[in-house]
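Peer 1: Predicted coordinates and the sequence they were generated for:
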4 protein chains.
Amino acid sequence: MFNILGNLLSLTTFGESHGVAYGGIINNFPAGLTVDFDKIQYELDRRKPGQSAIVTQRKESDTVKFLSGIFEGKTTGTPIGFIIENENQKSKDYDHIADSYRPSHADFTYDQKFGIRDYRGGGKSSARETINWVVAGALAKQLLSGIEINAYVSSVGDIFCEKPYQDLDFSKTESNDVRCPDAETAEKMIERIKEIKKEGNTIGGTVTCVIKNVPVGIGEPVFSKLQAELGKAMLNINACKGFEYGSGFCGAKMTGKEHNDAFNPDFTTKSNLSGGIQGGISNGMDIYFRAAFKPVATILRPQDSVDRYGNPVIVEGKGRHDPCVVPRAVPVVESLAAFVLADLFLINKTRNINNF
Amino acid sequence: MFNILGNLLSLTTFGESHGVAYGGIINNFPAGLTVDFDKIQYELDRRKPGQSAIVTQRKESDTVKFLSGIFEGKTTGTPIGFIIENENQKSKDYDHIADSYRPSHADFTYDQKFGIRDYRGGGKSSARETINWVVAGALAKQLLSGIEINAYVSSVGDIFCEKPYQDLDFSKTESNDVRCPDAETAEKMIERIKEIKKEGNTIGGTVTCVIKNVPVGIGEPVFSKLQAELGKAMLNINACKGFEYGSGFCGAKMTGKEHNDAFNPDFTTKSNLSGGIQGGISNGMDIYFRAAFKPVATILRPQDSVDRYGNPVIVEGKGRHDPCVVPRAVPVVESLAAFVLADLFLINKTRNINNF
Amino acid sequence: MFNILGNLLSLTTFGESHGVAYGGIINNFPAGLTVDFDKIQYELDRRKPGQSAIVTQRKESDTVKFLSGIFEGKTTGTPIGFIIENENQKSKDYDHIADSYRPSHADFTYDQKFGIRDYRGGGKSSARETINWVVAGALAKQLLSGIEINAYVSSVGDIFCEKPYQDLDFSKTESNDVRCPDAETAEKMIERIKEIKKEGNTIGGTVTCVIKNVPVGIGEPVFSKLQAELGKAMLNINACKGFEYGSGFCGAKMTGKEHNDAFNPDFTTKSNLSGGIQGGISNGMDIYFRAAFKPVATILRPQDSVDRYGNPVIVEGKGRHDPCVVPRAVPVVESLAAFVLADLFLINKTRNINNF
Amino acid sequence: MFNILGNLLSLTTFGESHGVAYGGIINNFPAGLTVDFDKIQYELDRRKPGQSAIVTQRKESDTVKFLSGIFEGKTTGTPIGFIIENENQKSKDYDHIADSYRPSHADFTYDQKFGIRDYRGGGKSSARETINWVVAGALAKQLLSGIEINAYVSSVGDIFCEKPYQDLDFSKTESNDVRCPDAETAEKMIERIKEIKKEGNTIGGTVTCVIKNVPVGIGEPVFSKLQAELGKAMLNINACKGFEYGSGFCGAKMTGKEHNDAFNPDFTTKSNLSGGIQGGISNGMDIYFRAAFKPVATILRPQDSVDRYGNPVIVEGKGRHDPCVVPRAVPVVESLAAFVLADLFLINKTRNINNF
């Protein structure tokens, strides 16, 4: 169904950048989980604006309030409602663009589609929506005990983390502001973002996500293949322009002989170009994928544009904006991955009468 | 919901490679469309095995039979049921692998997940499933009058069609076996596939799809962004390893200043790195995306593998297989794109009370 | 989603009275069930036209053909496609009403809604659609081992089976043509239907359904309460005008003191006015409900009506019709109940982390 | 999908009787509607506890706060989030039943299903959930301009409003506390409820709902028939035990000759036993249905019961409870009817290419 993430475990959300609050409802979350609220706040803090010099300086405490579905610290199996209040709206920052269309923003398309548009901070089109996903994902992570989901920044502009993920120590991801576990590369990335920021410009990047210990069998044969559900989730992230898993676009250059993953006697595979998924179903190997993010559209310099009547205007980003979205995208990517996995994990409990 | 393509206009399908038939049900198709059956068969013929020297030689007429929902040549608004009978099953070709797991196939994951597996031609995991999608897409295309959807092979291995799509003449796509509209590149690609085939090997490639004349406003704000629905559909195609739209992975290397698409006074944009979508909603510019396909896993040479008990076995592809999947993927990509668009096009009729 | 029965286990269907075939697709049916095909045909035979003197004389073998999802006699977990071919269409019987609207049929509403209408036997609005549901329900029944679902005719016109269901022997339901397990009442009912038939008239009735051995916990808190899902399914049956469960409409006349079901120490209840459901969730007691069916609209006597232009016409039922729908509704009611239960039974596997 | 009301226009909700707040999210509400907030509060006030001597005395202002989806008084087409804070929780009233199972409540079934239960006021199983539906329904009503939805109390215990709805003046419904537009019957009903209340007992009743001016064509052929969607919604209301429309259970006693609704030349029908629906689709005549409600399970007198360990306990309703649910059910029934109609009304915009 439209505007719902997940099929069995499902998330519906609301909220606009400068509205009263964000929030969501999680349906069909299993009963009996003792919720670790600190872990949820921890994920929100990772996504939070104002956390470092290289992200937007909007100040929000980003505290989630659970309104239902949890009783005496445990999930009850009934819908989990939550809200995150907006605190630091500066809607005035947007008055000057109430009638203008900013380049590569959704101002024009929303206005045309709906005949009305909340211009304050992009309204519904703001990436602040992802805060809802982090709440839901942080809960989903707690369902997936034993499964490790680690995303990190794998490139900023043309600075790439060249090491394969196997050589990275994910415990280092949070040790720097850009969330690249390779310290040396991280430094270069941060440098680059600072330069770009100084210019009032922005820059794109990629996030790689590695999921370990997924049991064999997660994913559905047709239209809900694991990679398809993951890809859909990632492509809903604001600014995401591409998704690839396993060998990805590189795999398209290879031959079958090179690309096939030979089996070991224990059913692991010698290589893992498949990216842990065969026929849409997890095979027990690491799942890994990469998402591409374009540079943030709001740049702090004058740009030629038009207003809703087609008149030329100059727009210039005010407000508080990210020079590069990827550091804050890391927890979002993990959260969506966790939610998608949990959804497919739940249905998998019903797929074989031998489990009954 | 699981295993359903689309949200309002929806497709559910069935069928296995060596079963009796494929088929599907399309729900909520609008009434009153005069169906052009030849166009549907035309698309099926483009996907058909045996159509040229560089595709699998399985012989199937691939004729669709509509069983309901069409009366006196017109859609009635009620569910459209259809089947395509399998004719040329050679299940014997698979007896030798009944207990074996072929590398980079879904044999192992299906067997583990379901505890049972139709080993004949991969059963449900066979790409023959895409035949259903072509039927549904060919019908959807007929709903989208005026909208042009053109996919083509943009690379085979490391042979790329270097010309931007704007310089290609899509009326040439069908003029060669590989479906690349640039004759010179097509020739090289065909050559390459023939070599690879001779070696009993396979090769990957990419398909680019360009959609023109989509009205402004198609796509939904959250979780059903146009690119997310397109991406999900493409990533369900067997062998698809990646999806990017607009600037895609290249966009992740750019700065905001370079990447932003400036508006013209008529709301078209001077550049189109957005790929015709802003905030998940079409902006009237060309929509274009690219899907990556890995090399087919079945190679006609002995490979070391294991059986379901973990014993070493040698598997060797018999049967009839594609050395390269992309030429036949072209109509599949177009079909899915058409279906996704039609679904979002229908809901868009309901999104603004000014239309009522 | 529209036109889909079930949420997790789901059924989509197609077919028209005088089209080529009926059929459907069942998604997310668990793998590993050894299918008893005879039981499925048995249910189809119970629903079949021509089975006795008091039902329509249309001759159909009503044989189901499974096209996928079952391999070597076992469900594979992949979509189950099936068709039932129409054999005995006499479309000519309907030529005379191509432009006429029969009273209390769906001719007018379909024509207005869709601008087109398959007039042959009512097209999509025909109760022959229920054949699909019987196939799906007969499969669902096999999932629900130990659960007994018994429907029977509890009234025809003003002839009621006065005995409470507890005093009935359901093994007798099939021993007479009307499917009332009380032989004496059955005889009266049959007599009544024969009279009515002789007059070219039709008559209504009710079906009661009793479900035993449902485990505690089936049903979801909000919007998917067990009774709501059952009611929705029943109200989709052609001619169904009402649904009540437990004390039903009688319960609305009672006081809380009378109506409350006191607990025994083993959590069974002394009375069962709740009908086995509390708060939308099964409590382990018998579930029972009743569905009301209006008299069939087609009567074999001239009626004043209008054509699609509003001109007066006389319509007179030709074709072969049921004088009373309830005997054939019995297996339909059971089938839908089984399907709804199985859907809720599957999701229930995912509702508590203690099961994981 | 589970726990979602509606298919296109959809409502997801959360909240427990003694939790922080109730609330919900409405998806796919069309943009451009100028919201009349007073009308929404008016409906909430009709449902509100404490509004008269014959309903529960819990004191709640029941004020809804919209958190998104409305900008400058107009719907924006994006998700509408709302909450209603709980103010007058007296959770202490329930401490004594934390381990007890009240007869005919959902205490036992929730506890068994989820292994945990919010015992305060019934938690999720409380009818306070219906407050969410009234918000959503009040908005939906505003979409359905011209359509009149009038519910009223048609019986309390064995006191029936004998007049057919055609003879009632719905402008009188709000003129008395019980919401029966026939003053004389209303008085008797109120008297009856007061007696019952004095005894610490409760009583059941029925609500009839009449919907006028529905255009022809609302409702979908299979599985989303108008009556099925209405019935499902009503059967989700706490305490609802039955649903019938048009001739309902009485129709099951009639013959076709009596029951058929003859057409007038303008396609209205002379009688309306169909209840405004033929083949699941509205025919332009009045839609009317009736819902049965059992007596409230909480009675203010000692009852024998058991605790969760099977030990005998005496439970006695404290807290504040309705002696009869039907007066407050009236706005709930209207709200759900409005929401269901709006959902089917929206999809109907997409069903015919002649509208495109």
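Peer 2: Arrived safely, thanks for sending.

Peer 1: What residues does the stretch 101-250 of chain A have near chain D?
Peer 2: For the stretch 101-250 of chain A, the residues in contact with chain D (Cβ under 8 Å from any Cβ of the partner chain) are A:113-118, A:123-124. For the C-beta atoms, the positions are set from N, CA and C on the backbone; glycine is no exception.

Peer 1: and these, which of them are in strands?
Peer 2: Taking DSSP state E as the definition of strands, these contribute nothing to them.

Peer 1: any idea which of these is least confident?
Peer 2: Model confidence across these bottoms out at residue A:117, which has 88.

Peer 1: Look up how far chain B lies from that one.
Peer 2: Separation of residue A:117 from chain B (Cβ to the nearest Cβ, to the nearest Å) stands at 10 Å.

Peer 1: before we move on, what about residue A:218?
Peer 2: As it turns out, when the distance is counted by Cβ to the nearest Cβ, residue A:218 lies 8 Å from chain B.

Peer 1: And that residue, what's its pLDDT?
Peer 2: Residue A:218 is assigned 98 on the pLDDT scale.

Peer 1: Also the one 10 residues further on?
Peer 2: In this model, residue A:228 is scored at 98, pLDDT.

Peer 1: So for it, what's the nearest residue that isn't a sequence neighbour?
Peer 2: For residue A:228, the nearest residue in space outside its immediate sequence neighbours is residue B:235; the separation is 4.0 Å by Cβ to Cβ, 6 or more residues apart in numbering or on different chains.

Peer 1: Let me see the backbone angles for residue A:22.
Peer 2: Here is the backbone geometry of residue A:22 (degrees, to the nearest 10): phi -100, psi 170.

Peer 1: I meant to write residue A:343 there.
Peer 2: Main-chain dihedrals, residue A:343, degrees, to the nearest 10: phi -60, psi -50.

Peer 1: my read: it touches residue A:226, true?
Peer 2: No. Between residue A:343 and residue A:226 there is no contact, the gap being 10.3 Å when judged by Cβ atoms under 8 Å.

Peer 1: Could you pull out the residues contacting both of the two?
Peer 2: Listed contacts common to residue A:343 and residue A:226 are nil; contacts here mean Cβ atoms under 8 Å, 6 or more residues apart in numbering or on different chains.

Peer 1: And the residue of the stretch 101-250 of chain A found nearest chain B, how close does it get to residue B:217?
Peer 2: Residue nearest to chain B within the stretch 101-250 of chain A: residue A:106 (2.3 Å; Cβ to the nearest Cβ). Between residue A:106 and residue B:217 the computed distance is 11 Å (Cβ to Cβ, to the nearest Å).

Peer 1: any shared contact partners between the two?
Peer 2: Shared contacts of residue A:106 and residue B:217 (Cβ under 8 Å, 6+ apart): residue B:281.

Peer 1: Who has more neighbours out of those two?
Peer 2: Remark: of residue A:106 and residue B:217, residue A:106 carries more neighbours, 28 against 21, as counted by other Cβ atoms under 10 Å in any protein chain shown.

Peer 1: What's the separation between the more buried one and residue B:139?
Peer 2: Taken as Cβ to Cβ, the spacing of residue A:106 relative to residue B:139 amounts to 31 Å.

Peer 1: tell me the contacts of the residue in the stretch 201-350 of chain A positioned nearest to chain B?
Peer 2: Distances from the stretch 201-350 of chain A to chain B, computed as Cβ to the nearest Cβ, single out residue A:279 as the nearest residue at 2.3 Å. The contact partners of residue A:279, by Cβ under 8 Å, 6+ apart, come to A:219, A:221, A:225, B:105-106, B:109-110, B:122, B:125, B:238.
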